[in-house]
Structures are given as structure tokens and as C-alpha cells.
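1. what follows is a predicted protein model with its sequence.
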Amino acid sequence: MGISFLYPLIWFAAFAVAVPIWLHLRRRDETDLVRFSAMRFLDDQPLARSRPFWPRDWPLMLLRILALLLIVSAFAWPYHPDDEQILINESRVYILDNTLSHQTAGKFLAARDRIAEELAESKQNQQIAVIELTTESNVVVSFSDDRQSAAKTVGKLTPSHQRGSYLEAFRTANRLLSQSLGKTKRIVFLTDSQQNQWSDGSRTPPFLENVEVEVNEIDEQESSSNVALRNPVVRRVFIGDQAIAKCAFTVFHQGGIETANVTLLANGKEVVRRDLSLKGEPESFTLAAQWQVDPTEWLRGEITIQNDDDRLPADNRVVFSLPPVREGTVAVLSDSIFLKTALSPDIMRGRWKSRILDVGDPRREDSDDVICIESRFLQSNATRNLVRDSLSAGKGVILFIDRITPLISGFLRELKIEVNSESIVEKTSRFRYIFMEHPVFLPFRSPDFGDLTSVRVERYRRLKVADAIPLVFTDDGDPVMLQAARGKGKLFVFAFAFNREETNWPLQPTFIPFLDLCLQHARSQISVPTDYHPGELCVWKISTIENVDEVVVTADSSDEEILRQPVVNGQAEFRVPDEPGLYRLSYDDHEEIESLISVNPSPLESELRFTAEPETLAMWKREPNDREQKPDTSKVSLALSKPEILRQRIWWWLLLAGMLALFFETSWVSFRKDRP
């Protein structure tokens, strides 16, 4: 058994033991003297006086020294750090599911309170850690944390609107347990056990070895009624002089809900209020609405759905936004009648103003945002310089490969595009693979905006473009649309021309919206997605021509500043807020809005289907390897926490002994004075 001290520096006060020793060694003048006149002349004689260097009262001095040392040792706060070797019976990791679906029927709050209670009542021979499952798996309580403060930390957790990965949470728990000391290693998973979450990790190799897993009881037959909104998509179109906003969104319902009320608000005004009959409708279906808007203003909108039997109201609202229109200028050098017609003022008024270049003397103007050019015009040196200058100045270039000559091939190689006259494919092909996550194609995920797979290509060129992103493939797997960065500008390359001989796309309803989106994305501004799920990572890229130090995110509804993130290497990385809604993004201390970020819950969190005995969990468990010899770490001397040290009562006994010693010392001195 050893003794340690919580405040060992107090022992410096033990040097005060010199005080009683000095009191006993110093010379003391007698006070009870009777002076008389015959002896007054003796005071003038220099008589040597010897100083007593030996204690006069040994018991009294030792009593004083003992009292002082007892008081000093009490305030140094002694304790037994290794009173006994503690046997760690169990290392336990709680995984608290804090995703949106776990909010149903107060399940998250009940699970949180259970963990806090079991933490506060846990024994010293248990190691306990807690992981919060959100977009990331966060360790909120580690094995070494004090239990009482850990219980308070868990009790302060609030429900989130995020979606996380069961697999990531179990991997994090397994890493914690691999460094733990308990004979028994256990994971306690408090969750709603959503089916689509378990399916995400169904193909993962086994990784849990010698780990017991406990999942809270789940009623697999539980019927959870829910109605939700998903995937709002909005775009602005011009009909004559009017700007029309068209919005499409998905309604999801399950659990026998038969009616619901939908409301759409745009810029604070009610646009649509409608009672829906869900009986007989598919589980997910799309609704659309349109209304007239001012193209010069930001469009802010929200859609809500209500039903009294809904068990998860947190997914009943989605938001959307559209930036104001800034009319751009596109310089055109093309023989395509379809392209010129699509860019005419009657169709693109308010969005794009076209400028037809002179074939003999094509010149770029500073107001030009995008250059549209067919490869046949690259025979001219002035045209080739136009493309070089545009890319160097950060302008967008859209190139249609409609003709190949040795001179054109040489210039295309300068742009890292490999193509030759023998690469022409004359075969009817359809768009087969489309990069739908790209901003140009993102709105076409909704069928209301047209079907891109109906586009045919009659003739195209096989391209090889270095450092490019393929966006569209044909049936044969040939890329026919690519995006690349050249200099400061963006380069879009099409393997065909927009004419009747090579494609039917200009005759499709998707052509005008696509052309508008392609021109917008080709602009010098960096296009960054603005639709996110709660807690999702956002990488916001800044144009190289802008000098920005910080990105500021502010709640659009309350003007509350949410975060400031420094810009490093032209981009700022941050996690979007947990609360769904619209958020303003600005630069530094400028009030001008650079963008509006829409934060909506993940559609997968609305599917309230649960499984009591997931097969995936059994697949994650691995049979132990008996040949691996692991040291027994279950018997250890644990470092006591400060509250555990303060609960030891050794210092009270030392302090009491010191006070008793002082009491006896005072009594002794008083007795000596009163003695005749």
C-alpha cells in the first residue's frame, strides 16, 4: 500500500517546524524578577552570558512539531493510489444513434437518459465510452473521463437532423475496444435499427472479434406513420417578358396516412395550399407548381406538409432558393441555326445576350462570359488566338467538334484533345450514361424537366481529352461531352455539332434548359453545390480573381452568425448547420449575399422501417484466432480521478490529529503557567 499526495507542494510548509525549535532554543528573559537598589550597579558590568543551546522542555517541543506536521500533511491531501489492483471486468462502448429517424416517439431522449443514468451508476471495475452517431461518429465520452461529468455531457446532447453510418460507428467502437482493458468487450447500440442503414454495410468483411454486441429491443412489426417532403428542384424560365419559377418536389408517405395538406411559400407569400388525398397513391410521387417571379431578386421558398398522425414532423419541411438573374453575354461563332435560335432574345431575354462574331475578324470583348465555337472555324489563326485568350482570361469556352483537319488536330492537341479524321462514328446512339450529379444535369433528375436518354446522336467523333471529366456517354461507352480546366477558364467539349445531321437534341424539350445551365456553369464563377443535408461537409471554392479571407455563414431567418471559416488555398471547408433551413453565405464582413445554402433532411431518414435482428450485424463478427497470444491486461492499477481522491477520508483524520495535538499543547502551557 502506497501513499500519494494530491497537493504535494504544500509540504514546503513543513519547514515551519523550525519555529518551535527556535522558540525552545532562544534566550528568554525572566519576567518575575524583584529588583532592589543594591544590585543596580551590577547591570553595568560586562558579564558574559551563555545562551542555552539545549531544549528546556522536550515533550512540549515535540508536541508542537507533531501538530504542525500533521496539519501540513492534511492539507497536502494524502490518498492511496494503489489500494488494491482493480479487476476490469468489462469495457463497454455505447453507440447513441442521433440520426433524424431516431426522433420518433421520443426514442432518442429515452436512449440518451438511459446512458446518462448507467454512466452515473457505473462501478470502478467498468470502462465506459460513448459514441454519438451523426454525420460523423464522435467520441463524446472516453474511457478515462470522470463518470459524473460524463453523465452530464451525455445528458446535454440534443436530437439532430443528420444521417450517419452504422458501419462507421461500429468501426470507431471497435478501435476503442481494441485499446481497452476489460476481460469482456461489449458494444451497446441504442438505435431505431433502420433497415436502409443496415443495408449500407452488408458487403463489409468481418471486423468484430471477441466483441459482444447488444442492440436495444426493436419491434420489427411496429407501424410508423410518416409523411415527408423530398428533393425540391426549382428553375426559372422566361416566357415573353415574364419570368416564371417552376418547382417540382416529391411527396413520401407510409403507414396508412390518407390525407395531408401541402403549402408552398415563396418570398413570404403563399403560392399554393392544397389538400392531398394519398389513398391509392404510390409511396413517392412528384408534384409541381409554377408562379411569376421577379428575376432581379433572390427567390426564397419553403414547402410544408401536415398530418396529425405523422410520427416524424422534423421531415415535413424543405427549402429552396434561386439567385437573381445576371444577364450574361455569349459570343457565338457557329453555323448551327438551332444554337443561334436558342440564344436569340426571344428565348434567352434576361439571361443571355448573344453576340455573333465576325468570321474574318473574331475579337473578344471584356463583357463576353462564354465563347461558343465550332471546330471548323479553328482553321483561322485569329480564331485560335480567340480561344487561347478567352481561356487565359478565365472565360468559358464551349467547343463543338464538327470538322477535323491536320491544322485543327494540331491546335486541339494544344488543348490536350486527341482526335483524328478517322475517328468519326456514323451510328445512331443514345445517351446512356449521364453524370447526373454534375450541376449542369442536376435538375434533370426530376422527370418533369425532361428525359435526356431520349437524345440521339447520329454522328460523333471519338475523343481523348487529358485531365477531363466525362459527362455523357453513348451506348458504346464513348464520351461525347467532357469538361476540362484550361488556364483560368472552363472548357466544355462536344464530340458532335448541334445540327440535324448529327443529333436530334435541339428538337428535344431538354435542349434550352440544358444550354442555359451549360452556359451558366461555363462562366468564370466557380459553381458550387448549394443543396446539402444537415451536418454535411461543404467545400466552398473561391474564384482566383477574388481576394477573400473568410467565409461567413448566417441564418437567413434570424441574422444569427453561425460560423466563420478561413479561406485556405482558394477554398473553405466547413460543415453546414444541423438545423434545416436557408443560410446566407458572404465573404469577410461584406453584407452582399454570395449564395444561399439550402439545408434539407436526407430522404432516407424518412423511411421508418426497422429490423430487430439485422443479418448485417452477424456478418460483421469474426471468429477469434486462438493462436494469437494476448497479454492479460484486465488486472491493473487505475489512476484515480480527482472526485475519487476527494472521497478518501485520510486527510480528515490527519487534520483531527493535528487539532488534538494543538489542544494538548495549549493545555500543557496553561497548566505550566498556573503551576506555583
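-> Noted; the coordinates are in hand.
2. in a helix, residue 562, correct?
-> No - applying DSSP: H, G, I helix; E, B strand; the rest coil, one finds residue 562 to be strand, outside a helix.
3. number of nearby residues for the residue lying closest to it once chain neighbours are set aside?
-> Nearest residue to residue 562, sequence neighbours excluded (C-beta to C-beta, 6 or more residues apart in numbering): residue 553, at 4.6 Å. From N, CA and C alone the C-beta is placed, and that goes for glycine too. Residues lying near residue 553 (other C-beta atoms under 10 Å) number 20.
4. on the three-state scheme, residue 91 is what?
-> Going by three-state DSSP: residue 91 is strand.
5. same deal with residue 276?
-> strand.
6. count the neighbours of it for me.
-> For residue 276, using other C-beta under 10 Å, the count is 19.
7. please list all residues in contact with it.
-> 251, 259, 260, 261, 262, 305 (C-beta atoms under 8 Å, 6 or more residues apart in numbering).
8. reformat those as TSV; add secondary structure, neighbour count and distance to residue 208.
-> What follows is the contacts of residue 276, written out as TSV (DSSP: H, G, I helix; E, B strand; the rest coil; neighbours: other C-beta atoms under 10 Å; distance: C-beta to C-beta, whole Å):
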residue	secondary structure	neighbour count	distance to residue 208
251	strand	21	40
259	strand	15	46
260	strand	22	42
261	strand	13	46
262	strand	20	45
305	strand	23	40
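9. which one among those gets closest to residue 660?
-> residue 305 (76.7 Å; C-beta to C-beta).
10. that closest one reaches residue 261, doesn't it?
-> Yes - counting by C-beta atoms under 8 Å, residue 305 does reach residue 261; the two are 6.9 Å apart.
11. tell me how many other residues surround residue 148.
-> Neighbours of residue 148 (other C-beta under 10 Å): 12.
12. returning to that earlier point: helices or strands up against the host helix or strand of the residue nearest to residue 562?
-> In this assignment (DSSP states H and E), residue 553 forms part of strand 550-555. In terms of contacts (3 or more C-beta pairs under 8 Å, 6 or more residues apart in numbering; DSSP states H and E), strand 550-555 is packed against strand 561-566, strand 571-575, strand 581-587.
13. which one of these lies nearest to residue 388?
-> Closest among the helices and strands packed on strand 550-555, using C-beta to C-beta: strand 571-575, at 27.0 Å.
14. give the buried residues for the closest one.
-> 571, 572, 574, 575 (16 or more other C-beta atoms under 10 Å).
15. what lies in contact with that strand?
-> Contacts of strand 571-575 (C-beta under 8 Å, 6+ apart): 135, 535-542, 550-551, 553, 563, 565-566.
16. rerun at 10 Å
-> 134-136, 162, 526, 528, 532, 534-542, 548-553, 562-567, 585, 587 (C-beta atoms under 10 Å, 6 or more residues apart in numbering).
17. on that earlier part again, any idea what the residue nearest to residue 562 is bridged to?
-> residue 563, residue 585 (DSSP bridges).
18. could you check the pLDDT of it?
-> For residue 553, the pLDDT comes out at 95.
19. other SSEs contacting the longest helix belonging to the chain?
-> Secondary structure of the chain per DSSP state H: the longest helix is helix 650-674. Packing contacts for helix 650-674, counted by 3 or more C-beta pairs under 10 Å, 6 or more residues apart in numbering; DSSP states H and E, involve helix 58-75, strand 78-79.
20. need those in TSV (columns: mean neighbour count).
-> Output for the helices and strands packed on helix 650-674, formatted as TSV (neighbours: other C-beta atoms under 10 Å):
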stretch	mean neighbour count
helix 58-75	18
strand 78-79	19
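21. a markdown table please, covering these and showing mean pLDDT and distance to residue 352.
-> A markdown table is the format used below for the helices and strands packed on helix 650-674 (pLDDT from 0 to 100; distance: least, C-beta to C-beta, whole Å):
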| stretch | mean pLDDT | distance to residue 352 |
| --- | --- | --- |
| helix 58-75 | 75 | 81 |
| strand 78-79 | 74 | 78 |
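22. export the ones you listed as CSV, with columns for distance to residue 455.
-> Listed next are the helices and strands packed on helix 650-674 as CSV, based on distance: least, C-beta to C-beta, whole Å:
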stretch, distance to residue 455
helix 58-75, 85
strand 78-79, 79
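23. picking up where we left off before, least confident of the buried residues of strand 571-575?
-> residue 571 (89).
24. re the thing from before, check which residues of the longest helix of the chain are buried.
-> Those would be 651, 654, 657, 658, 661, 662, 665, for helix 650-674 by 16+ other C-beta under 10 Å.
25. try stretch 147-155
-> Buried, per 16+ other C-beta under 10 Å, within stretch 147-155: 147, 150, 151, 153, 154.
26. okay, now residue 373: neighbour count?
-> Other residues close to residue 373 by other C-beta under 10 Å number 21.
27. for it, what are its contacts?
-> Per C-beta under 10 Å, 6+ apart, neighbours of residue 373: 331-334, 357, 362, 383, 386-387, 390, 397-400.
28. that one: which element?
-> strand 370-374.
29. out of the buried residues of stretch 147-155, list just those in helices.
-> 147, 150, 151, 153, 154.
30. on that earlier part again, show the buried residues in the contacts of strand 571-575.
-> Buried among these by 16+ other C-beta under 10 Å: 134-135, 162, 528, 532, 534-535, 538, 540, 542, 548, 551-553, 565, 567, 585, 587.
31. quick one: distance of the strand holding residue 373 to the chain centre.
-> Taking C-alpha atoms, centre = their mean, to the nearest Å, one finds the center of strand 370-374 at 40 Å from the center of the full chain.
32. and the next helix or strand past it?
-> Assigned by DSSP H and E, the successor of strand 370-374 is helix 381-392.
33. could you check the angle strand 370-374 makes with that following helix?
-> Interaxial angle, helix 381-392 versus strand 370-374 (axes from the mean of the first three to the mean of the last three C-alpha atoms, to 10 degrees): 140 degrees.
34. what element comes up after helix 381-392 heading to the C-terminus?
-> strand 396-400.
35. tell me the strands beside that following strand, with direction?
-> strand 370-374 (parallel), strand 489-494 (parallel).
36. buried residues, the helix or strand following that strand. List them.
-> The first helix or strand that comes after strand 396-400 along the chain, using DSSP H and E, is helix 406-414. Counting neighbours by 16+ other C-beta under 10 Å, one finds that the buried residues in helix 406-414 are 408, 409, 411, 412.
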